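Engineer: could you work out the structure for the sequence below:
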Amino acid sequence: MNTHHSPLSTHQEDTIVALATPNGIGAIAVIRLSGLDAIAIANSVWKGKDLTRQASHTIHFGHIVDVDLVLDEVLASLFVAPRSYTRENVVEISCHASGYIIESIIKLFIKKGARSAKPGEFTLRAFLNGQLDLSQAEAVADLIASNSKASQQVALQQLRGGFSTQLQALREQLVNFASLIELELDFAEEDVEFANRDQLKNLIHEITKIVGRLIQSFELGNAIKNGVNTVIAGRPNAGKSTLLNALLNEERAIVSHIPGTTRDTIEEVLNIQGINFRLIDTAGIREATDAIEQIGVQRTMEKISQSALLVYVFDAAEITTEELNSDIESLQKPGISMLLVANKADLLTDAQLTALPHGDKLTIISAKEKQHIDELKQRIYSSSIKDQLSGDETMVTNIRHLEALQKTEEALVRVLGGIDGSITSDFLSMDIKQALHYLGEITGVVTTDDLLENIFSKFCIGK
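Structural biologist: Residues are numbered from 1 along each chain as shown. As a prediction, the model looks like this:
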């Protein structure tokens, strides 16, 4: 059941106001009002057509006036309940983006009875009023924060309810079985079975398969949302910084011929086909000659262990086969994809080229001459994304959803064990209810005060 008494959701009868556009220099700012009195409050300081008599989804030109002082000429967009984002009366005032004007208009609305909105309060109201479910509300925040084509597409798909629809269908089928098992409890003395155990077993298998697929999708979904941590590592002077600059097409890292120049990590973002790769250029892997360098090498190893992809660069003209194999062995970590990049190909003889290890993990490049950089980008992309990305696939990008799905899976495993172990209907009912509870947490069928507080307090004010 929904619990609508969160500190964020108290005073839902209040009319709230906030700036909905970012602070800063711009042409236009949008101030948003939502609540029962939104149109009346806007109208009380309005010079123009009577806003309380206008139709929903109309825009009006007029002036905001504080007694006799005209604050600004503005446009007022009207959304009459329930046809608005929050399902309440909403007015959006488009004014000139002067800090003084914005502050004066908001203060005036507060003086007339509105109060400042808390972070995420407009979207919280949309959720509480049934406009969005909880996973869709969270997708709003993801959409605002999206910084690549892929993360925008995934958030949009979730906002449209792709994820919710799938979970809702699963819950409904489970609810049907739960109610039949509850019925069995009412007739316990007569030893009747209303819920067909084989059908229930097939349904649990089917749901477990879908839940398992959603859990697996998190790795990719998380990469799309937050970017793929990619470490560029190698021996000093292998050309790591030059490669970073070639990948980014700009001069970001300090490049010099003195081994050990990059003493700390440098982080940049490279977008390949809509996915963000967080490139971390690191200090060279070598026997450190001083304490500062030792710290740099230590940080490199830490960064590698936290990454999803390791791009190991080596100077193909200088390194011996023994050194190469030794480096690969020391850097290879479970769960981390590794790409080998043979640099300085422009300096190699045919014999040296032939002696290089072969395979789809190796790319031969010249970072300085920018040779085969596009081929390397393609390798970086396909090693992380593979063929998993398709437009209509539901993808989990939220750690809260992942944890709820994992708990659902555990409860479903207990249900299956219970059917096979012929446990009594009351225990079976408890395990099914647990699975329903965790599935319901994702879309907000089941909520608590703390959960809502936690989710919406992370939103920006005005959303």
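Engineer: strands along the stretch 151-300 of the chain, start to end?
Structural biologist: For the stretch 151-300 of the chain, applying DSSP state E, counting those that start in this stretch gives strands covering 228-234, 266-272, 275-281.
Engineer: make CSV out of those and add mean neighbour count and distance to residue 55.
Structural biologist: Every residue, glycine included, has its C-beta placed from N, CA and C. Putting the strands of the stretch 151-300 of the chain into CSV (neighbours: other CB atoms under 10 Å; distance: least, CB to CB, whole Å) gives the following:
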stretch, mean neighbour count, distance to residue 55
strand 228-234, 25, 49
strand 266-272, 16, 43
strand 275-281, 23, 43
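Engineer: per-stretch mean pLDDT over these, give me the minimum one.
Structural biologist: Mean pLDDT is lowest for strand 266-272 out of the strands of the stretch 151-300 of the chain, coming in at a mean of 75.
Engineer: before we move on, back to that, distance to residue 376 added to the strands of the stretch 151-300 of the chain, as TSV?
Structural biologist: TSV is the format used below for the strands of the stretch 151-300 of the chain (distance: least, CB to CB, whole Å):
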stretch	distance to residue 376
strand 228-234	11
strand 266-272	10
strand 275-281	11
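Engineer: of these, which is nearest residue 375?
Structural biologist: Nearest to residue 375 among the strands of the stretch 151-300 of the chain is strand 266-272 (12.0 Å), distances taken as CB to CB.
Engineer: so which elements touch that closest one?
Structural biologist: helix 240-248, strand 275-281, helix 373-385 (3 or more CB pairs under 8 Å, 6 or more residues apart in numbering; DSSP states H and E).
Engineer: figure out which of those is closest to residue 110.
Structural biologist: strand 275-281 (39.5 Å).
Engineer: helix or strand right after the least confident helix or strand in the chain by mean pLDDT?
Structural biologist: Least confident helix or strand, the chain: helix 291-306 with a mean of 58, by mean pLDDT, DSSP states H and E. Using DSSP states H and E, the helix or strand that directly follows helix 291-306 along the chain is strand 309-315.
Engineer: may I see the buried residues of that following strand?
Structural biologist: Neighbour counts over strand 309-315 (16 or more other CB atoms under 10 Å) mark 309-315 as buried.
Engineer: with stretch 97-105 instead?
Structural biologist: Applying a neighbour-count criterion of 16+ other CB under 10 Å, one finds 97, 101-102, 104-105 buried in stretch 97-105.
Engineer: average pLDDT for stretch 22-35?
Structural biologist: 90.
Engineer: next, the buried residues of that stretch.
Structural biologist: 29-35.
Engineer: which one of the residues you listed is nearest residue 207?
Structural biologist: Distances from residue 207 to those, taken by CB to CB, are shortest for residue 34, at 37.8 Å.
Engineer: and residue 169, how many neighbours?
Structural biologist: Around residue 169 there are 11 other residues, counting by other CB atoms under 10 Å.
Engineer: cool, and residue 338?
Structural biologist: Based on other CB under 10 Å, the number of other residues close to residue 338 is 17.
Engineer: longest strand of the protein?
Structural biologist: Longest strand in the chain, counting residues (DSSP state E): strand 69-79.
Engineer: partners of it, with directions?
Structural biologist: strand 58-66 (antiparallel), strand 90-96 (antiparallel) (DSSP bridges).
Engineer: pick the most buried one from the ones you listed.
Structural biologist: strand 90-96 (a mean of 22; mean count of other CB atoms under 10 Å).
Engineer: can I get that one in CSV, CA atoms only?
Structural biologist: Only the C-alpha atoms of strand 90-96 are listed here, as CSV (Å, rounded to 0.1, in the frame of the first residue of the first chain):
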residue,chain,number,x,y,z
VAL,A,90,-0.4,24.3,-12.6
VAL,A,91,0.8,27.8,-13.9
GLU,A,92,4.1,28.3,-15.5
ILE,A,93,5.3,31.9,-15.7
SER,A,94,7.9,32.6,-18.4
CYS,A,95,9.7,35.8,-17.4
HIS,A,96,13.0,37.4,-18.2
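Engineer: any idea how far residue 124 is from residue 329?
Structural biologist: Distance of residue 329 to residue 124, computed by CB to CB, to the nearest Å: 53 Å.
Engineer: what of residue 202?
Structural biologist: Distance from residue 202 to residue 124, by CB to CB: 39 Å.
Engineer: before we move on, the earlier item: residue 329 and residue 124: who's more crowded?
Structural biologist: residue 124 (27 against 8).
Engineer: quick check: that one touching residue 137?
Structural biologist: Yes - between residue 124 and residue 137 there is a contact at 7.4 Å, judged by CB atoms under 8 Å.
Engineer: between the two, which contacts overlap?
Structural biologist: Common contact partners of residue 124 and residue 137 (CB atoms under 8 Å, 6 or more residues apart in numbering): residue 456.
Engineer: could you dump stretch 58-76 to PDB, C-alpha only?
Structural biologist: Taking C-alpha atoms only, stretch 58-76 is exported to PDB below (Å, rounded to 0.1, in the frame of the first residue of the first chain):
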ATOM      1  CA  THR A  58      -3.600  28.000 -23.100                       C
ATOM      2  CA  ILE A  59      -0.800  30.700 -23.000                       C
ATOM      3  CA  HIS A  60      -1.500  34.300 -22.100                       C
ATOM      4  CA  PHE A  61       0.500  37.500 -22.300                       C
ATOM      5  CA  GLY A  62       0.300  39.900 -19.400                       C
ATOM      6  CA  HIS A  63       2.200  41.600 -16.600                       C
ATOM      7  CA  ILE A  64       3.100  40.600 -13.000                       C
ATOM      8  CA  VAL A  65       2.300  43.500 -10.800                       C
ATOM      9  CA  ASP A  66       3.200  44.100  -7.100                       C
ATOM     10  CA  VAL A  67       0.600  46.700  -6.000                       C
ATOM     11  CA  ASP A  68       1.400  49.400  -8.600                       C
ATOM     12  CA  LEU A  69       4.900  48.200  -9.500                       C
ATOM     13  CA  VAL A  70       5.100  46.200 -12.800                       C
ATOM     14  CA  LEU A  71       7.800  43.500 -12.200                       C
ATOM     15  CA  ASP A  72       7.900  42.100 -15.700                       C
ATOM     16  CA  GLU A  73       5.900  41.300 -18.800                       C
ATOM     17  CA  VAL A  74       5.500  37.600 -19.000                       C
ATOM     18  CA  LEU A  75       3.700  34.600 -20.600                       C
ATOM     19  CA  ALA A  76       1.500  32.500 -18.300                       C
END
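Engineer: got the contact list for it?
Structural biologist: By CB under 8 Å, 6+ apart, stretch 58-76 touches 42, 45-49, 51, 54, 77-78, 91-96, 101, 104-105, 108.
Engineer: what about residue 417, neighbour count?
Structural biologist: 11.
Engineer: quick check: buried residues in the one helix or strand it maps to?
Structural biologist: Assigned by DSSP H and E, residue 417 falls within helix 399-420. For helix 399-420, the buried set under the neighbour-count rule, 16+ other CB under 10 Å, comprises 400-402, 404-405, 407-409, 411-412, 414-415, 418-419.
Engineer: and which of those is nearest to residue 172?
Structural biologist: residue 408 (14.7 Å).
Engineer: shouldn't the closest one be in contact with residue 211?
Structural biologist: Yes - in this structure, residue 408 is within contact of residue 211 by CB under 8 Å, at 5.5 Å.
Engineer: picking up where we left off before, CSV please, covering the strands paired with strand 69-79 and showing distance to residue 444 and mean pLDDT.
Structural biologist: Shown next, in CSV, are the strands paired with strand 69-79 (distance: least, CB to CB, whole Å; pLDDT from 0 to 100):
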stretch, distance to residue 444, mean pLDDT
strand 58-66, 32, 97
strand 90-96, 21, 97
